[in-house]
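Asks: Quick check, what structure comes out for this input:
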Amino acid sequence: MKEYVSVTARFDCDGNLIPVAIHWKDGRHFEIEKVLDIKYAASEKKGGADIRYSCRIAGQRRYLFLEDNRWFVDSKNAV
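Replies: The predicted model follows:
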């Protein structure tokens, strides 16, 4: 299931959009320690192709997706 989240992001000097933090509706906040990979990929539950950011959050690999200017995580992959 898709869980939409708010994301703080920045543009690097090459124009790439880089997420730096995830903000949940319930007030939880997680810093993204590092973006490991960026590619077009399908969410395991959703299908289709969105931009998938493979991130290290709290020492673990998590996937964050950008879909039509909205960010989401798969709830089974949630932090």
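Asks: In stretch 60-75, which residues are buried?
Replies: R62, Y63, L64, F65, L66, E67, W71, F72, V73, D74 (16 or more other Cβ atoms under 10 Å). Glycine gets a C-beta too; all of them are placed from N, C-alpha and C.
Asks: next one: stretch 27-41
Replies: For stretch 27-41, by 16+ other Cβ under 10 Å, it's I32, I38, A41.
Asks: What's the end-to-end length of it?
Replies: 28 Å (Cα to Cα, to the nearest Å).
Asks: how far does that stretch sit from the chain's center?
Replies: 5 Å (Cα atoms, centre = their mean, to the nearest Å).
Asks: Now do it: everything it contacts.
Replies: 16, 18-23, 49-59, 61, 64, 79 (Cβ atoms under 8 Å, 6 or more residues apart in numbering).
Asks: Tell me how confident the model is about that stretch, as a mean pLDDT.
Replies: Averaging pLDDT along stretch 27-41 yields 95.
Asks: how about the strands of the chain, start to end?
Replies: 2-11, 17-23, 29-31, 34-43, 47-57, 60-67, 70-74 (DSSP state E).
Asks: Let me see the contact set for the residue nearest the centre of the chain.
Replies: For the chain, the residue nearest the mean C-alpha position is L64 (2.0 Å; Cα atoms, centre = their mean). Taking Cβ under 8 Å, 6+ apart, we find L64 in contact with V5, V7, P19, I22, I32, R52, Y53, C55, W71, F72, V73.
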